[in-house]
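[1] need the 3D shape of this:
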Amino acid sequence: MADGPVGSGSPATDTALGLLQELVRAGVTDVVVSPGSRSQALALAAVALERAGGLTVHVRLDERTAGFFALGLAVETHRPAAVVTTSGTAVANLHPAVLEAHHSGVPMIVLSADRPDELRGIGSNQTTVQPGIFGQAVAFVRDVEAPSAHGVDASVRDTLRTLARQAVAAAAGHTGQPGPAQLNVAFREPLSAGLAPEHVSPVPEDEVDLAFATRRAHTGLPVAELTPDDEPGTVVIAGHDAGEDAERIAWELGAPLLAEVSSGARFGRNLVVAYRELLRDADHGGAVRRAVVLGHPTLSREIPALLQRDGVQTIVVRGPAADPFDPARASRPDAATTFVSDVRVTGRTRPEHRAWVGRWVGASRRILGDGDAGPDLDAKRSADRAERNKFLRDEVALRRRPVDRAMLAEAVWGVTWPHDRLVLGASQLIREADARVLGKKIRVHANRGLAGIDGTVSTALGIAAALEQASASVGTTRVLLGDLTLLHDLGAFVTGTEERTHRVQVVVGNDHGGAIFRGLEVAKTTPEADMRRMMSTPQQVDVERVVTGLGWEYRRAATWGDLERVLTDPAERVVIEVPLAG
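    Numbering: from 1, shown residues only. Next comes the predicted model:
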């Protein structure tokens, strides 16, 4: 069987199939496609290659959701997904996802179809300048000349293989920071031709290089060798995507672990949940003299303030994000932040380090308190009827209690386990979760590269698709977001009837507007009516009618009892609306 089509009748089809085969050979396993005319050769070659084996195709109806779906696939697999678009505004609609991928260091390959040279710059329909359309967000761009010869001979195959490996290497971070790459492929008519099964060869498994496509952080920086400090004063800060190493480093240094909720390090004996309050406290934050930072902290002002303070030595482990995290440079251009590729701890902790950690952990627990302990379980078993009756009244009162943000965040966190995935939208709810939820070793994601609210559900669907492909587990991908974040990604709920569906639970805390803006300083000096109209943007969308009209199931949880029940609902695709109290 030939390793590509021979004389399909369309050079576009021959080249598209050859390019996709080489991307698979370089470790790409998933292609996300949005329909379009100029890109039809790529789309039809992709589905033919899927049928032959070795590639999974996902069809999304618009490019904006396709881009974030591809982002989600890459978040879960750590390998770039390719996203196929037609020409014109279709390519521009990928820009939000490309920017997020760039700033968070998530690999992605844009396969943008284009007009050939002779149709550019003459007012041709759906034609704009596509190479470089994403600016500095894409480190690798190639404008691929429209093919004119039928078939893919050895010379063309070598060219396509080089292009594919260059794009995958750039996306995965072989020579720089990982992120998006773009192959802008021009096509002339005929834009495609039929592909007979005998003309489509799957790439042999032993030729697929998954390791080549796996994301890496190429920093060229040294490894820092640290020892526990003579007089304890070190904290380990784990921002978004820090990873589990942060917990290990904190333990080995005898340091409190200040781990954001999407850090991947929100667990362990050194975890300090109420870190914001303690960083503002002179006996805790004021005593810090060294900070080791992993990931991208975005959820507090206290952490940048700490790193900008004189007398605090800052060591930053350079991660995959495009920009190094260095808030000290904003206020002190000569600040001596040390950037490293990793941290190796030598030496052993002493009792005073355990005491230092204990001070932070104990103070955090006192700040959080016992929470809402609920009805007294001892009273349930009491021989005293009055005590038993009081237990029943308390239990009924709890189940009828309206849900606030803290209750919602803790409930969603509580039902999520290691075989699940949790995606947090950029709303007040992620901050509530960060301030409240206790340690648990689960996979949490949030689009914190630019912390935008768009594409959250699409990203979660991509994560769910990758999770289900990799595992036979019945894990649920759960999304917690606000109402405006939901409305920014309604296109995600539209799925073609020929596509696979995924086990996703979307939990919407609905307070009818942007509650996060109420905490801005300007709210204290601006007329309330102006804040409501221009910032909070109140809305009255009927969530039930919208999501059921798009084919999803709907549940409403107005009380704590409702919420407990619906969070364990076995529905495959469900939106849970929670009217928020307060």
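[2] so which residues of the stretch 1-150 of the chain form strands?
    30-33, 56-59, 81-85, 108-114, 140-144 (DSSP state E, counting those that start in this stretch).
[3] where's residue 204 relative to residue 469, distance?
    Distance check for residue 204 against residue 469: by Cβ to Cβ, to the nearest Å, it reads 20 Å. Using the backbone N, CA and C atoms, a C-beta is placed for each residue, glycine as well.
[4] kindly report the same for residue 191.
    Summarising the geometry, the distance separating residue 191 from residue 469, computed by Cβ to Cβ, is 30 Å.
[5] quick one, which of these two is more surrounded?
    Neighbours were tallied for residue 191 and for residue 469 using other Cβ atoms under 10 Å; the higher tally belongs to residue 191 (18 against 15).
[6] correct me, but the more buried one touches residue 12?
    Yes: when contacts are counted by Cβ atoms under 8 Å, residue 191 is listed as touching residue 12 (5.3 Å).
[7] anything in contact with each of those two?
    With contacts taken as Cβ atoms under 8 Å, 6 or more residues apart in numbering, residue 191 and residue 12 have residue 41 as neighbours in common.
[8] show me what contacts the residue nearest to residue 466 when sequence neighbours are not counted?
    Counting by Cβ to Cβ, 6 or more residues apart in numbering, the nearest residue to residue 466 once its immediate chain neighbours are dropped is residue 76, at 3.6 Å. For residue 76, the residues meeting the contact criterion (Cβ under 8 Å, 6+ apart) are 421, 462, 463, 466, 467, 470.
[9] so for residue 76, what's the pLDDT?
    Residue 76 is assigned a pLDDT of 97 by the prediction.
[10] and residue 128, by the same measure?
    Among the per-residue scores, residue 128 holds a pLDDT of 89.
[11] count the residues that sit near the closest residue to it other than its chain neighbours.
    Distances taken as Cβ to Cβ, 6+ apart place residue 88 nearest to residue 128, at 6.1 Å, with adjacent residues excluded. A total of 20 residues lie near residue 88 under the criterion other Cβ under 10 Å.
[12] from now on call the first residue 21
    Sure, I'll start counting at 21 from here, so that last one is residue 108.
[13] is it true that residue 108 touches residue 144?
    No: assessed by Cβ under 8 Å, residue 108 is found out of contact with residue 144, at 9.8 Å.
[14] tell me the bridge partners for the residue lying closest to residue 283 once chain neighbours are set aside.
    The spatially closest residue to residue 283, leaving aside those adjacent along the chain, is residue 258, at 3.9 Å (Cβ to Cβ, 6+ apart). Following DSSP bridges, residue 258 is listed with bridge partners residue 279, residue 314.
[15] circling back: pick out the lowest-pLDDT one from the contacts of residue 96.
    Checked by pLDDT, the contacts of residue 96 have residue 490 as the lowest-scoring entry (87).
[16] pull the contacting residues for the residue nearest to residue 148.
    145, 146, 147, 148.
[17] which parts of the stretch 171-320 of the chain are strands?
    Taking DSSP E, counting those that start in this stretch as the criterion, the stretch 171-320 of the chain contains strands spanning 200-206, 243-246, 254-258, 277-279, 310-314.
[18] closest to residue 58 out of the ones you listed?
    Distances from residue 58 to each of these were compared by Cβ to Cβ, and the smallest falls on strand 200-206, at 8.9 Å.
[19] partners of the closest one, with directions?
    Strand 200-206 has these partner strands in its sheet, going by DSSP bridges: strand 128-134 (parallel), strand 160-164 (parallel).
[20] can you put these in CSV and add mean neighbour count?
    Compiled in CSV, the strands paired with strand 200-206 are given as follows (neighbours: other Cβ atoms under 10 Å):
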stretch, mean neighbour count
strand 128-134, 28
strand 160-164, 18
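[21] adding distance to residue 471 and mean pLDDT, write the ones you listed out as JSON lines.
    Shown next, in JSON lines, are the strands paired with strand 200-206 (distance: least, Cβ to Cβ, whole Å; pLDDT from 0 to 100):
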{"stretch": "strand 128-134", "distance to residue 471": "18", "mean pLDDT": "97"}
{"stretch": "strand 160-164", "distance to residue 471": "25", "mean pLDDT": "96"}
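[22] ok, which of those strands comes nearest residue 262?
    Shortest separation from residue 262 across the strands paired with strand 200-206 is recorded for strand 128-134, at 21.2 Å, computed as Cβ to Cβ.
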